[in-house]
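Participant: Okay, predicted coordinates and the sequence, questions at the end:
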Amino acid sequence: MSATAVHSLWTTAATAADPISKIDAPKIEYGQLSPTLIILGAALIGVLVEAFVPRKSRYYAQVFVSAVALCAAFAAVVALAADGYGTTKAHIAAMGAIAVDGPALFLQGVILLSGLVGLFTFAERRLDPEAHGNRVDSFAAQGASVPGSDSEKAAVKAGFTTTEVFPLLLFAVAGMLVFPSANDLLTLFVALEVFSLPLYLLCALARRKRLLSQEAAVKYFLLGAFASAFTLFGIALLYGYAGSMSYSTIAQVVDGSITNINPALADTMGNDALLLIGGAMIVMGLLFKVGAVPFHMWTPDVYQGAPTPVTGFMAAATKVAAFGALLRLLYVVLPGLRWDWRPVMWGVAIITMLGGAIVAITQTDIKRLLAYSSIAHAGFILAGVIATTRDGVSSVLFYLGAYSFVTIGAFAVVTLVRDAGGEATHLSKWAGLGRRSPLVAAVFAVFLLSFAGIPLTAGFAGKFAVFKAAAAGGAAPLVVVGVLSSAIAAFFYIRVIVLMFFSEPRPDGPTVAVPSPLTMATIGVAVAATLVLGVAPQYFLDLANQAGVFVR
Amino acid sequence: MSFPLLTATAALPALGAVATAAVPAARRTAAKWLALLVSLATLALGITILVRFDPGGDRYQLTESHPWIADFGVRYELGVDGIAVALIGLTALLIPFVILAGWHDADPLETGNKRWRPTQGFFALILAVEAMVIISFEATDVFLFYIFFEAMLIPMYFLIGGFGDSAHEHGDEAAATQRSYAAVKFLLYNLVGGLIMLAAVIGLYVVAGNFSLADIAQARADGTLHMATNTERWLFLGFFFAFAVKAPLWPLHTWLPNAMGEATAPVAVLITAVVDKVGTFAMLRFCLQLFPNASKWATPVILVLAVISIIYGALLAVGQRDIKRLVAYASISHFGFIVLGIFAMTSQGQSGATLYMVNHGISTAALMLVAGFLISRRGSRLIADYGGVQKVAPVLAGTFLIGGLATLSLPGLAPFVSEFLVLVGTFSRYPAIGIIATFGIVLAALYTLVLYQRTMTGPVKPEVASMPDLRPRELLVVAPLIVLLIFLGVYPKPITDIVNPAVKQTMSDVHKKDPKPSVEAAK
Amino acid sequence: MENLIALLVAAPLLGAVVLLCGGRRLDAVGHWIGTILSSASFVIGVVLFTDLLGKNAEHRTLMQHLWTWVPVEGFQADVTFRLDQLSMTFVLLITGVGSLIHLYSVGYMEHDERRRRFFGYLNLFLAAMLILVLADNYLLLYVGWEGVGLASYLLIGFWQHKPSAATAAKKAFLVNRVGDMGLSIAIMLMFTTFGTFAFGPVLSHVGDASEGKLTGIALMLLLAACGKSAQVPLQSWLGDAMEGPTPVSALIHAATMVTAGVYLIVRSGAIFNAAPDAQLVVTVVGAVTLLFGAIVGCAKDDIKKALAGSTMSQIGYMVLAAGLGPIGYVFAIMHLVTHGFFKAGLFLGAGSVMHGMNDEVDMRKYGGLRKYMPVTFITFGLGYLAIIGFPGLSGFFSKDKIIEAAFAKGGTEGWILGGAALLGAAITAFYMTRVMLMTFFGEKRWQPDENGNEPHPHESPKTMTIPMIVLAFGSVFAGGIFGIGDRFLHWLEPITGHEEGNSPVSALTVTLATMVVLVIGVGIAWAQYGRKPVPAVAPRGSLLTRAARRDLLQDDFNHVVLVRGGEHLTRSLVYVDHTLVDGVVNGTAASMGGLSGRLRKLQNGYARSYAVSMFGGAAILVAATLLMRAV
Amino acid sequence: MNPVNYLYLSALLFTIGATGVLIRRNAIVVFMCIELMLNACNLAFVTFSRMHGNLDGQVIAFFTMVVAAAEVVVGLAIIVSLFRSRHSASVDDASLMKL
């Protein structure tokens, strides 16, 4: 429509305007959006289940629905990829709102898998002793009831369980699916909120240590909202600069290759301040999600307070989604700005790598330790992001894939080590675990070694890929810093191993719960992935390579 | 294609390790025997390599090559030259003795716990180390080598930290803390070295585009691959640092005394006689081949460091109160000789260095294992706690003395030949350094004889009065080593014949010729 | 015939292996095995000797190549034996005296339960010593060189339970190692100069090498010689070496091993001839040592130490001769052989005395023993006369030749060296007479020891006396046999070469002078120890005496400078290693920890402060981005 | 009047909101400050929409409101539960987890 017509919208509101030509119905490629749609649908069904299915059978219904949905969605992703949407047929769907391309599909696949594996840990009901003859999972009997109150006791007695977590999980997954494939700023923002809000809630729902859990939720929520406010303002500025939300248009405006300039935009377009500030603020929002220094401070607290299954899922999937979005933003929208953001990202990457590693040295809580290690890893991945080459993209994709499995596995192991107070997360309690149950300790050691990047583990392959890309992309100093911080990081991973194997078990030490096949499956998958990706990564590297191109 | 002999040699102990680890807790003796048999079978394979290898043939033989991680330009490439063959032989030879010597080292104190299986773990780990060492000797792909060079640390780490002997002056508690400190120190030192090397490996990839030793050498030769001087130097330093930590070279050596002091004698042997050899071996194979110019550029500094290691290690050995730490410092001194020989860039030096790796392996094994038997009898590592053992256990003392004489490289025993070759090789190009290094032989005599005198001679200490002499098992461990020491001392030809061609190759890699004697005497 | 050479070495080597690995079951016969095998070696030697005599001079060099030892690019060491007149002489001396001392030991070690092992070591020594003298290249010689060092280490420390013995053994080995260092450096120099270190090529190409290099080689060889032959400054170990059983002192530390240095110099004569500066140093070392040893010999009350001093001094003569070059080589070797006889005889005599005196070594506790042990007295006496150079006896011929040669060196050099040699002769006469008088003359001075059993001096068993008698014959006639008609000279000349010096004084004058100083020496000794009874406890004595008792303070010097200094050095190094080298690393780790501890304080748990960091971060991010555009 | 002024206003509002987040203790108030920031964004959107003369900005404004509403729902739920278990809505009290 013409500019004048727009003006008439509010200038000449009173007077009868000429009728607005009718908006034609949007064209939606349902097939290509099917993964997201399936999950959303399942989530809605989950809500209905909560409403109508009797309490006793909800758990099973929910688990069934979620599992089926996740598997179906994954199948859909695979089908799409097989159909060539990752490579040749890659294009923008849904009126330019969603990109269906290699990175999107790859990351969606990873997210769905980690969602599925995470689901298993959500559904685990054998770890805690039965309360009043009811199996209980790691979530509060009733989120609303005050910790330690009679209502809580009643709820426990009645055998309530918060089966809402499953739909919440699904919603979060849905948001994450959209996030990396969002192709305009609005979708980006909505997706961000869609996967953040359920996570805030999930964080608050721990069965044990509920105060911590709630505190974690509050911190996460407030800071998250704070961050998204920045993101939104950045979006506003970018919109102001380019006069459009769609990545492609903005990108064209940025590198000045745009045709048919709307005269109304002329002055703003000239104003790079809008662009730079806006870009920086959006990036900041994303860096918050990936937990990069100095936007990382929520990470340890939230990781520690949240129910461990949630932590595991969050740590894995959020990073994947956020990095996906970051990649798309930097590679699709702001490539023209490379020379502005690269140096800044250099700085961020360096302090993130070093900061995470150094602070982790003195941690005493296993979950916080893993949190800081995840920060350091965010730094490593950033090094790959900075490469700004196709190699960079694929290496980051590979790294994310490898990292997510190891993380979920590690947190799954954490859920097993328990004492009277629930999970025994204080490191001192882990002393001599290797004597008590060598297998669990060994498995955890494998994960730690993978984090540390010891060869023949997924961690090493990923690290190598990323550093390789960075070095090839002309960021050799980053590689050196990365190597040094890995050395520092190695120190505290080793510390845990020493603790588990070389120190005497304490009499009041924790016991290792024997989990149900669900958690076993989770851990098994994680170990398998860790070793396979470490020893024979070629296939997955190829996958990541094919998926290395963004559609514009 | 023919039977993948090299793969088999590495895979056999690996599988053996898995099998050993799987043996149920109750059947620990079975685990021991299994491990021993596997190691012997590996030895057989090693000998087969020795036989199949043709000194006159191509540089790399018995090669295998399969695609692995194309994306990283990595291939699964194996191949051995004379140097590798010699060291594989050494490894395969020593492991059975290590296992036999450590027969009772990992017997659990409480046998109640069904889950805790230290014995199985101990022998499985030893086999795992063997597998990784062997494959890193075989790898002709830099990345493949790097992988196992690093991965090897993990089993070593558990061996050191998990199974040290509790013979400690301040009791078991202190022993445990000391031990894990030593293990962590070992791991961190080598990990840092490895990570710095990783940066260099990545750099190499960026420069060369693949990791195949042969291809890179070829590309450099025909000029298709050109390395900027500084790039080459940085990469060289990255590689060399890792190897210098492993070797260990002064001043990166301090992990070795701790590790060898706290670990059980067999593990200590594993460290110094087998694992550390990978470091010196890698200098010879990778540093010199990949970065000849940088190697020449760095030579002066490295030679100085090597000489410092020789003298410094020897002097500290003199100052030790602890038998095992003494041997450790002696080893540092010896590694100084090896590095000296490698970077003297003469045929004698490099052949000598290779020979030295083998001989030092055997001699240290002999000395250290006997020392281990001694310590296990008295339950103390302090030299001061012994005295007059010679009177109560003459055979033990005798073998100990021979081990010591080998350590001070007495002519007629194997180490003499290699040490003299290194000295001559160094002297012919760097006389001053050669002479300083020669002082090492006096100091070696000093610390060895002081050790022998304090422990074995003099009036019999009451604590050792009832000390039994070597048992048959122990004699079975020591005797072959001694025989080997003497044999290689008077007839090292079998090894030198294998090694010489490889050395010739390396010399041509670095474009170096032996200095000519000032008077060409009629040979 | 060549093929027999290897057997020379093989026989005692076999003995060593059998005896040392044989275990207790051989205890009964071990000593006989050892003796038989060493005598077998001697017999082979004699056979070869007759064979050599059969050939004419220029064909008297036999070579036997056994195998290639170290084949490396440009570096070739073979196990090849070379038997020529020089090595033949040594072979006979070593195996001959060796066998006698084996025989002697059978009796001497009778009561030692480790006798088998002792004979094993003796055989080991013979084998090594034979390798030393038969080697055809310096590296193989080095094997023998350190081999004898090992054997002497084992034998000095044979009574290991005595700390003093263990220490003495260690000291001997270490001091020798210092010498060996010289030898190995010399070999390296040869390698870089000639590209080989086999006798043939090296010695024949000496002419082409620069004198500087040759001097270097020569001096390094001299260092080696000083170690083995206990020449100043590396002589300190020999006195302590007397801790070993007496047969060892006789064989190794008197007759054979300690003369290896002389062998080395004479063998390398060509090199020394081309390096006059080095030769001068050699002569000086020799002269100094012969006086040093003599002086020490005067002050010792321990009969073996006194003899040790005399050994030092006698070898000093040989080195002096060797340093004179072609003038002296032959006489050096000749004196070496005769000395081998009479010094071994003296030591065996001393051993026999100790045997009869419950291992008492202090001569002040002897006296008048000639009635109790006549055989020992006579044999010892003959040895005594030989060593002081009594006319007609061995020493007379060999030593006088050396003194003549010293003068024949010519110039002030000649006068000084000759004078030193003469003075040495006088002192020798003095202290040997002293030993003789204190031991066999006067009246008994021995008391019952603390637990009351008084020694009952008695003659030693046949196995001990027979060797003594044989050696006594040697001490009497060897010199004559060699010297009269210059037989020995003609025998050895083809190898060592010989030239007559132009002596400023005639041979007769020298002889007379020697006689005079001899009489003086004996006279003084008699005046001091013969006329008036010897005090049972040593008088305080003059400063020189007291210094001489302590080996002229050389040990104290070593102790202060080397031992103490070394201890301080190592201790401080241990400290450095722990605090500095290790400290740096641990320090870095610690500082990392500290940094971490401070950084984690930022994580104070307050959501708002987190928000602050985010806000600040955002601000910085924006600012930086804008800045990037600005620059 | 020049629409740019609205931008300045929105920036001002945003800053006020942010400052509020940083200085206020009460979780509810903090949350309201965040809402304020969101609304500042809305203002910016609408202004730009006006300047550029296309509707996207206004559409987004509605989305933002919806999202804000959702945040309210979730946020209040969390804050209330926290308040009930602690009887205080101060964000500073919720600092069990640190270091």
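Facilitator: It's in. Numbering: from 1, shown residues only, chains lettered A, B, ... in the order given.

Participant: Next up, the contacts around C:A513.
Facilitator: Contacts here follow C-beta atoms under 8 Å, 6 or more residues apart in numbering or on different chains; on that basis C:A513 touches C:L422. The C-beta positions use only the backbone N, C-alpha and C, and glycine is treated the same way.

Participant: where does it fall, helix, sheet strand or coil?
Facilitator: helix (DSSP: H, G, I helix; E, B strand; the rest coil).

Participant: from the stretch 51-200 of chain A, which residue is nearest to chain C?
Facilitator: Proximity of the stretch 51-200 of chain A to chain C (C-beta to the nearest C-beta) peaks at A:Y200, 13.1 Å away.

Participant: in stretch A:409-420, what's buried?
Facilitator: Neighbour counts over stretch A:409-420 (16 or more other C-beta atoms under 10 Å in any protein chain shown) mark A:G409, A:A410, A:F411, A:A412, A:V413, A:V414, A:T415, A:L416, A:V417, A:R418 as buried.

Participant: The one helix or strand A:G175 maps to vs chain D: in contact?
Facilitator: Remark: A:G175 resides in helix A:165-181, with elements defined by DSSP states H and E. No: with C-beta under 8 Å from any C-beta of the partner chain as the criterion, chain D is not reached by helix A:165-181; the gap is at least 10.3 Å.

Participant: So which elements touch that helix?
Facilitator: Using 3 or more C-beta pairs under 8 Å, 6 or more residues apart in numbering or on different chains; DSSP states H and E, the elements in contact with helix A:165-181 are helix A:30-52, helix A:55-82, strand A:98-100, helix A:102-123, helix A:185-203, helix A:319-328.

Participant: Chain B is nearest to which of these?
Facilitator: Using C-beta to the nearest C-beta, the nearest of these to chain B is helix A:102-123, at 14.9 Å.

Participant: Could you identify the helix or strand that succeeds the closest one?
Facilitator: Where DSSP H and E defines the elements, the next helix or strand beyond helix A:102-123 is helix A:150-158.

Participant: So for that following helix, mean pLDDT?
Facilitator: Taken as a whole, helix A:150-158 carries a mean pLDDT of 86.

Participant: Let's verify C:G349: helix, strand, or coil?
Facilitator: Put simply, C:G349 is helix when judged by three-state DSSP.

Participant: List the contacts of it.
Facilitator: Counting by C-beta under 8 Å, 6+ apart, C:G349 has contacts C:T376, C:T379, C:F380, C:G383, C:M468.

Participant: what's the pLDDT at the second one?
Facilitator: Which is C:T379. According to the prediction, C:T379 has pLDDT 93.

Participant: Using CSV, list the CA coordinates for the helix or strand containing it.
Facilitator: Assigned by DSSP H and E, C:T379 falls within helix C:374-388. Extracted C-alpha coordinates of helix C:374-388, given in CSV (Å, rounded to 0.1, in the frame of the first residue of the first chain):
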residue,chain,number,x,y,z
PRO,C,374,112.3,-67.4,57.6
VAL,C,375,110.9,-68.0,54.1
THR,C,376,109.0,-64.8,54.2
PHE,C,377,112.0,-63.0,55.5
ILE,C,378,114.3,-64.2,52.8
THR,C,379,111.9,-63.7,49.9
PHE,C,380,110.9,-60.3,51.3
GLY,C,381,114.5,-59.4,51.8
LEU,C,382,115.4,-60.3,48.2
GLY,C,383,112.5,-58.1,47.0
TYR,C,384,113.8,-55.4,49.2
LEU,C,385,117.2,-55.5,47.8
ALA,C,386,115.7,-55.6,44.3
ILE,C,387,113.7,-52.5,44.8
ILE,C,388,116.4,-50.4,46.3
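
Participant: related to what we said a few turns ago, neighbour-wise, which of the contacts of C:G349 leads?
Facilitator: Most neighbours among those, by other C-beta atoms under 10 Å in any protein chain shown: C:G383, with 32 neighbours.

Participant: What's the separation between it and C:L290?
Facilitator: Distance, C:G383 to C:L290, by C-beta to C-beta, to the nearest Å: 19 Å.

Participant: and the helices and strands packed on helix A:165-181 as TSV, adding mean neighbour count?
Facilitator: Below are the helices and strands packed on helix A:165-181 laid out as TSV (neighbours: other C-beta atoms under 10 Å in any protein chain shown):
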stretch	mean neighbour count
helix A:30-52	19
helix A:55-82	18
strand A:98-100	25
helix A:102-123	27
helix A:185-203	24
helix A:319-328	26
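
Participant: Give the buried residues for the helix or strand harbouring B:V206.
Facilitator: When elements are assigned from DSSP H and E, B:V206 belongs to helix B:171-208. Neighbour-count burial for helix B:171-208, with 16+ other C-beta under 10 Å as criterion, is recorded at B:175-176, B:178-180, B:182-208.

Participant: Report all helices and strands that the helix or strand following it contacts.
Facilitator: Counting by DSSP H and E, the next helix or strand C-terminal to helix B:171-208 is helix B:213-221. On a contact count with 3+ C-beta pairs under 8 Å, 6+ apart, helix B:213-221 meets strand B:74-80, helix B:171-208, helix B:288-290.

Participant: Going by neighbour count, which residues in helix B:213-221 are buried?
Facilitator: B:L213, B:A214, B:D215, B:I216, B:A217, B:A219, B:R220.

Participant: how much does the longest helix seen in chain D deviate in direction from helix A:150-158?
Facilitator: Longest helix in chain D, counting residues (DSSP state H): helix D:56-86. Angle, helix D:56-86 to helix A:150-158, by axes from the mean of the first three to the mean of the last three C-alpha atoms, to 10 degrees: 90 degrees.

Participant: same for helix D:56-86, what does it pack against?
Facilitator: helix A:185-203, helix A:210-242, helix D:27-52.

Participant: Would you convert these into a markdown table that also reports distance to B:G425 and mean pLDDT?
Facilitator: Conversion of these to a markdown table gives the following (distance: least, C-beta to C-beta, whole Å; pLDDT from 0 to 100):
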| stretch | distance to B:G425 | mean pLDDT |
| --- | --- | --- |
| helix A:185-203 | 67 | 94 |
| helix A:210-242 | 66 | 93 |
| helix D:27-52 | 75 | 92 |
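
Participant: moving C-terminal of the helix holding C:T379, what's the next helix or strand?
Facilitator: Counting by DSSP H and E, the next helix or strand C-terminal to helix C:374-388 is helix C:394-408.

Participant: so that next one versus helix C:374-388, what angle?
Facilitator: Calculated by the same axes, to 10 degrees, helix C:394-408 forms an angle of 10 degrees with helix C:374-388.

Participant: So in the chain, where's the weakest helix or strand by average pLDDT?
Facilitator: I'll assume chain A. helix A:3-10 (a mean of 48; mean pLDDT, DSSP states H and E).

Participant: other chain: chain B
Facilitator: The helix or strand of chain B with the poorest confidence is helix B:213-221; it has a mean of 84 (mean pLDDT, DSSP H and E).

Participant: Could you identify the helix or strand that succeeds it?
Facilitator: Counting by DSSP H and E, the next helix or strand C-terminal to helix B:213-221 is helix B:229-246.

Participant: Show me which positions of that next one end up buried.
Facilitator: In terms of neighbour count (16+ other C-beta under 10 Å), helix B:229-246 has its buried residues at B:231-246.

Participant: Can you tell me which of these is nearest chain C?
Facilitator: For the buried residues of helix B:229-246, the residue nearest chain C by C-beta to the nearest C-beta is B:V245; the value is 10.9 Å.

Participant: okay, and for chain A, where does confidence drop off?
Facilitator: Confidence mapping of chain A against pLDDT under 70 gives the ranges A:1-21, A:259-262, A:264-270.

Participant: try it again with 80
Facilitator: Residues of chain A meeting the criterion pLDDT under 80: A:1-24, A:131, A:133, A:256-271, A:421, A:504, A:508-509, A:552.

Participant: How many residues are close by the residue of the stretch 251-400 of chain B found nearest chain A?
Facilitator: Closest to chain A within the stretch 251-400 of chain B is B:E262: 11.0 Å, counting by C-beta to the nearest C-beta. The number of residues packed near B:E262 is 31, by other C-beta under 10 Å.

Participant: what about the helices and strands packed on helix D:56-86, which gets the closest to C:A16?
Facilitator: Smallest distance to C:A16 across the helices and strands packed on helix D:56-86 (C-beta to C-beta): 78.8 Å, for helix A:210-242.

Participant: That'll do, ta.
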